[in-house]
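Colleague: below is the sequence, then the predicted model.
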Amino acid sequence: MKLIKTITSFFLLSLLPFHLLSQNKIVVFQTDFGLKDGAVSAMKGVAMGVNPALRLFDLTHEIPAYNIWEAAYRLEQTALYWPQGTVFVSVVDPGVGTERKSVVLKTKSGHFFVGPDNGSFTLITESLGIQEIHEIDEAVNRRKNSQSSYTFHGRDVYAYTAARLAAGVITLTQVGKHLPNEVIKIPFQKAVLEGNAIVGNIPILDVQYGNVWTNISADLFKKLNITAGQKVKITVWENDKQVFQGEMPFANTFGEVPEGQIMSYLNSLMNFSFAINMGDFSTKYGVKSGPGWKVKVEK
């Protein structure tokens with residue numbers, strides 16, 4: 001009888017519109033939990049309990065504690081490199097157990113994002129667009145016998161719901177009620193051309209090396225008509241406080257400037273960046289990242 005029900009369920013799912021299913025069985029996890037304890041393993045165990053055929057991967061578990069902005073950036077940095085239908089679980093959730101909504105969001109690119117609507121989806125919705133958002137109905141999509149736990153929604157709600165969606169146990173509409181195509185957003189300086197300068201944000205550091213990445217795209221930077229070898233003037237503020245101002249050459253590669261020299265370049269995401277060749281720009285000049293950091297680039 002159980003086998004007959006399973007076959008029947010699979011048949012019914014196969015009749016549903018293809019776009020409602022997350023068909024590739026891939027779940028990618030991101031948290032600020034670190035790997036010193038069993039929290040991440042518990043989430044993966046819950047997912048495997050739904051369907052052991054799922055393929056589980058890590059984006060990162062080293063988001064600085066409570067740093068919702070960095071969670072938002074890492075999702076945008078990586079999502080498009082994963083195939084359509086991939087389900088991302090992002091748990092940086094200092095408001096766990098409060099009234100913030102738990103949602104599943106599908107972007108126009110065909111990717112799914114599961115987690116708290118607390119600003120974590122600020123950037124991914126701008127770059128990939130919103131197709132649908134559903135609030136997670138915890139009466140249905142919550143790990144069995146976990147209702148008394150209020151502080152580990154990553155395990156009890158998000159990993160469980162993501163696994164059910166990725167495995168085809170539920171469709172997007174079965175996640176819960178449909179919500180307007182809006183998410184909580186963290187304000188930041190978008191990259192814009194202002195006369196002969198570009199103003200933008202420093203969303204993240206290339207943390208291993210201390211390089212400074214901006215949200216100024218290569219296409220926008222080209223409007224300044226700066227070629228390799230020419231100098232650019234860079235000014236950096238944290239909120240209203242100026243932190244750095246200086247000139248440096250624009251280079252195609254780090255090897256084009258001497259070791260220890262400041263330089264600017266286009267990073268692997270084709271965004272304008274600056275660094276010290278074989279050094280740590282962030283530490284030396286006190287430049288950090290986040291929604292409150294602003295940069296101005298001019299010829």
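Modeller: All right, it came through fine. Numbers count the residues shown, from 1 in each chain.

Colleague: for Val236, give its distance to Trp293.
Modeller: 7 Å (CB to CB, to the nearest Å). For every residue, glycine as well, the C-beta is placed using N, CA and C.

Colleague: okay, and the common contacts of the two?
Modeller: By CB atoms under 8 Å, 6 or more residues apart in numbering, Val236 and Trp293 have these common neighbours: 202, 287.

Colleague: show me what contacts the residue positioned nearest the centre of the chain?
Modeller: Centroid-nearest residue in the chain, with CA atoms, centre = their mean: Leu75, separated by 1.6 Å. When contacts are counted by CB under 8 Å, 6+ apart, Leu75 touches 30, 59, 88, 90, 113, 120-121, 123-124.

Colleague: before we move on, what about Gln245?
Modeller: Gln245 neighbours (CB under 8 Å, 6+ apart): 233-236.

Colleague: who does it form a beta bridge with?
Modeller: Beta bridges link Gln245 to Thr235, judged by DSSP bridges.

Colleague: ok, now how distant is it from Asn141?
Modeller: Taken as CB to CB, the span from Gln245 to Asn141 is 51 Å.

Colleague: ok, Gln230 - contacts?
Modeller: 249-250, 299.

Colleague: would you list those in JSON lines and tack on pLDDT, distance to Gly154 and neighbour count?
Modeller: As requested, the contacts of Gln230 are arranged in JSON lines below (pLDDT from 0 to 100; distance: CB to CB, whole Å; neighbours: other CB atoms under 10 Å):
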{"residue": "Pro249", "pLDDT": "97", "distance to Gly154": "45", "neighbour count": "17"}
{"residue": "Phe250", "pLDDT": "98", "distance to Gly154": "42", "neighbour count": "23"}
{"residue": "Lys299", "pLDDT": "91", "distance to Gly154": "47", "neighbour count": "13"}
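
Colleague: ok, of these, which one's closest to Met278?
Modeller: The shortest gap between Met278 and any of the contacts of Gln230 belongs to Pro249, at 15.4 Å (CB to CB).

Colleague: which residues touch Thr283?
Modeller: So Thr283 contacts Gly210 (CB under 8 Å, 6+ apart).

Colleague: tell me which helix or strand comes right after the helix or strand harbouring it.
Modeller: Element membership of Thr283 [criterion: DSSP states H and E] is helix 281-285. Using DSSP H and E, the next helix or strand after helix 281-285 towards the C-terminus is strand 293-298.

Colleague: tell me the average confidence for that next one?
Modeller: In this model, strand 293-298 carries a mean pLDDT of 98.

Colleague: repeat that for stretch 37-48.
Modeller: 96.

Colleague: with stretch 108-119 instead?
Modeller: Per-residue scores along stretch 108-119 average to 97.

Colleague: again, but for stretch 271-287
Modeller: For stretch 271-287, mean pLDDT is 98.

Colleague: for the spatially closest residue to Gly286 that is not a sequence neighbour, helix, strand, or coil?
Modeller: Nearest residue to Gly286 in three dimensions, chain neighbours excluded: Val243, at 5.8 Å (CB to CB, 6 or more residues apart in numbering). Three-state assignment for Val243 (DSSP: H, G, I helix; E, B strand; the rest coil): strand.

Colleague: just Ile184 next, same as before
Modeller: Going by three-state DSSP: Ile184 is coil.

Colleague: the helices in the stretch 1-150 of the chain, which residues?
Modeller: Assigned by DSSP state H, counting those that start in this stretch, the helices in the stretch 1-150 of the chain fall at 2-14, 39-50, 68-78, 122-128.
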